[in-house]
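Novice: sequence below, structure please.
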Amino acid sequence: MPASQENKMNGRIAFTYPAFVFYQIARFFVVASTEMQSVAVGWQVYDITHRAFDLGLVGLCQFLPGITLFLVSGNVADRFNRRNLLMLCYAGFATCSGLLLYVTHRGTPSVHTIYAVLVLLGVVRSFSGPVSRALLPQLVPEEHFANAVTWHSTVFQVATILGPSIGGLVYAAFHGPSAVYATALSSAGIAVCCTTLIRPNVVARVREPINLSTVLAGLRYIRKQKVILGSISLDLFAVLLGGAVALLPVYAREILHTGPWGLGLLRTAPGVGASAMAVLLAYRPLRRRVGATMLVCVGGFGVFTIVFGISRNLILSLVALTLVGASDMVSVVIRVTLLQLMTPDQMRGRVNAVDMVFIGASNELGQFESGLTASWFGTVPAVILGGIGALVVTALWAFGFPELRRADKLTSTGN
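Specialist: Residues are numbered from 1 along each chain as shown. All right, here's what the predicted structure looks like:
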């Protein structure tokens, strides 16, 4: 086989495993389902109340269950068959879409009814995240796991780009959210069907007793493993401080003067950069000095955030956001790979549940932090300060977590 053809094959090696293929097809459809549904929910809630504050409650309703249930969801993921749990979660997503379709079909629903369904959706998400991520290492051998993570991230980015676009088009074409909810229901149904075809390499797990010690085992494990603690906390604080997504509408309208079409481009740019980087990493995987690479890329995330903050040109802003997404993707691939491979299978559910809380906190609280600092200092200073904050965090973590800085290879030991 020619070298170029062999390299292409190695870049797609994860897709030679049928379980991984069905897993990714199912995940694409369920992520696209939730993303298109989020567009419809946002428009519908605003149409009912005409208050921007209620849009914030939409995110809060879905975020709070993850905070309150992460200890439970992690233990469930470690005690029961993860493939079967994932099917139940995807069926739960379909159920939520069906409920939104039902209450909408009956007439203009109460916003409180929609919030109740979103809380249920948050409960389903609190279980699906740890279960899905804990199942992934059972689908491919360890030597191909880094390749699986890069394609896992690519599929997610593609779904998050296409989902909102499809949701917006369907909403406009059918003049309301009902068709979007029906499409989301169908998409989640496809995910359930694909999940039934997954045949993971199930590892026998010791059934631990249910007590306070086993429930908190994930937290204790992360605290002891400095590489894992350093990587997930670095991502938490860098994104918490450096996230500018919440302020993109202000940039589009008042700073770049582009209008809604420009906002769409700005929102898409990080996903495009992340997807391109994920594909590049699939064909040119990281082999050495992964800890130092992660620190450099998180620092780059801060630098490109500052560039976006000071830009007054749409092209430069799009380039900066594309590089923000690309830098963040390198960090994501390294963090997820190290976390999964350094965690024993019998603890992956609990450890991933903690990581999902860190991710949720960085994204949701990061939006709140951006809005708060923008109200204090102004939009542009808020973004610039956030980028500077990400650089400061990177420097502090480089010295505070030498184990992370010295991490060399993406293996089960991190060395």
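
Novice: quick one: low-confidence parts of the stretch 151-300 of the chain?
Specialist: 204-213, 215, 242-246, 259-261, 264 (pLDDT under 70).

Novice: now do the helices in the stretch 251-400 of the chain.
Specialist: Along the stretch 251-400 of the chain, counting by DSSP state H, counting those that start in this stretch, helices occupy 260-283, 290-310, 314-341, 348-360, 366-377, 379-400.

Novice: who's in contact with the first one?
Specialist: Here helix 260-283 makes contact (C-beta atoms under 8 Å, 6 or more residues apart in numbering) with 7-8, 10-12, 147, 150-151, 153-154, 157-158, 160-161, 164, 245, 248-249, 251-253, 256, 258, 314, 317-318, 321-330, 332-333. The C-beta positions use only the backbone N, C-alpha and C, and glycine is treated the same way.

Novice: only C-alpha atoms, please: export it in PDB.
Specialist: Presented in PDB, the C-alpha positions along helix 260-283 are these (Å, rounded to 0.1, in the frame of the first residue of the first chain):
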ATOM      1  CA  PRO A 260     -27.900  39.100  11.500                       C
ATOM      2  CA  TRP A 261     -26.000  37.600   8.600                       C
ATOM      3  CA  GLY A 262     -22.700  38.600  10.200                       C
ATOM      4  CA  LEU A 263     -23.800  37.200  13.500                       C
ATOM      5  CA  GLY A 264     -24.400  33.900  11.800                       C
ATOM      6  CA  LEU A 265     -20.800  33.900  10.400                       C
ATOM      7  CA  LEU A 266     -19.300  34.900  13.700                       C
ATOM      8  CA  ARG A 267     -21.100  32.000  15.500                       C
ATOM      9  CA  THR A 268     -20.000  29.600  12.800                       C
ATOM     10  CA  ALA A 269     -16.300  30.500  12.700                       C
ATOM     11  CA  PRO A 270     -15.200  28.800  16.000                       C
ATOM     12  CA  GLY A 271     -16.900  25.600  14.900                       C
ATOM     13  CA  VAL A 272     -15.300  25.700  11.500                       C
ATOM     14  CA  GLY A 273     -11.800  26.200  13.000                       C
ATOM     15  CA  ALA A 274     -12.500  23.400  15.500                       C
ATOM     16  CA  SER A 275     -13.700  21.000  12.800                       C
ATOM     17  CA  ALA A 276     -10.700  21.700  10.600                       C
ATOM     18  CA  MET A 277      -8.300  21.200  13.500                       C
ATOM     19  CA  ALA A 278      -9.900  17.900  14.500                       C
ATOM     20  CA  VAL A 279      -9.600  16.500  11.000                       C
ATOM     21  CA  LEU A 280      -5.900  17.600  10.900                       C
ATOM     22  CA  LEU A 281      -5.300  15.900  14.200                       C
ATOM     23  CA  ALA A 282      -6.900  12.700  12.900                       C
ATOM     24  CA  TYR A 283      -4.400  12.500  10.100                       C
END
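
Novice: buried ones in it?
Specialist: 262-279, 281-282 (16 or more other C-beta atoms under 10 Å).

Novice: that older thread, hmm, which of the contacts of helix 260-283 are the buried ones?
Specialist: Among the contacts of helix 260-283, those scoring as buried are 11, 147, 150-151, 153-154, 157-158, 160-161, 164, 245, 248, 251-252, 256, 258, 314, 317-318, 321-330, 332-333 (criterion: 16+ other C-beta under 10 Å).

Novice: for whichever strand or helix holds residue 121, name the packing helices and strands.
Specialist: In the assignment (DSSP states H and E), residue 121 maps to helix 111-135. Contacts defined by 3 or more C-beta pairs under 8 Å, 6 or more residues apart in numbering; DSSP states H and E place helix 111-135 against helix 18-49, helix 52-79, helix 82-105, helix 348-360.

Novice: need those helices in TSV (columns: mean pLDDT).
Specialist: As requested, those are exported to TSV (pLDDT from 0 to 100):
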stretch	mean pLDDT
helix 18-49	89
helix 52-79	79
helix 82-105	95
helix 348-360	79
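
Novice: the residue nearest to residue 124 when sequence neighbours are not counted: what's it in contact with?
Specialist: Excluding the flanking residues, the one nearest residue 124 by C-beta to C-beta, 6 or more residues apart in numbering is residue 92, at 3.7 Å. Residues counted as contacts of residue 92 (C-beta under 8 Å, 6+ apart) are 120, 123, 124, 127, 128.

Novice: looking at these, which is nearest residue 81?
Specialist: For those, the closest approach to residue 81 (C-beta to C-beta) belongs to residue 127, at 13.3 Å.

Novice: ok, now which ones touch the closest one?
Specialist: 69, 73, 76, 77, 85, 89, 92.

Novice: quick one: the last one from residue 300, how far?
Specialist: When C-beta to C-beta, to the nearest Å is applied, the distance between residue 92 and residue 300 equals 38 Å.

Novice: same question for stretch 399-411, mean pLDDT?
Specialist: On average, the pLDDT along stretch 399-411 is 85.

Novice: show me how far that stretch is from its chain's centre.
Specialist: 23 Å (C-alpha atoms, centre = their mean, to the nearest Å).

Novice: any idea how many residues pack against residue 169?
Specialist: 13 (other C-beta atoms under 10 Å).

Novice: could you do residue 132 as well?
Specialist: 23.

Novice: please determine how far it is located from residue 96.
Specialist: 16 Å.

Novice: before we move on, what about residue 183?
Specialist: To residue 96, residue 183 is 14 Å away according to C-beta to C-beta.

Novice: residue 341 too?
Specialist: In terms of C-beta to C-beta, residue 341 sits 33 Å off from residue 96.

Novice: in terms of neighbours, single out the busier of those two.
Specialist: residue 96 (26 against 18).

Novice: what sits against that one?
Specialist: Here residue 96 is in contact with 117, 118, 120, 121, 124 (criterion: C-beta under 8 Å, 6+ apart).
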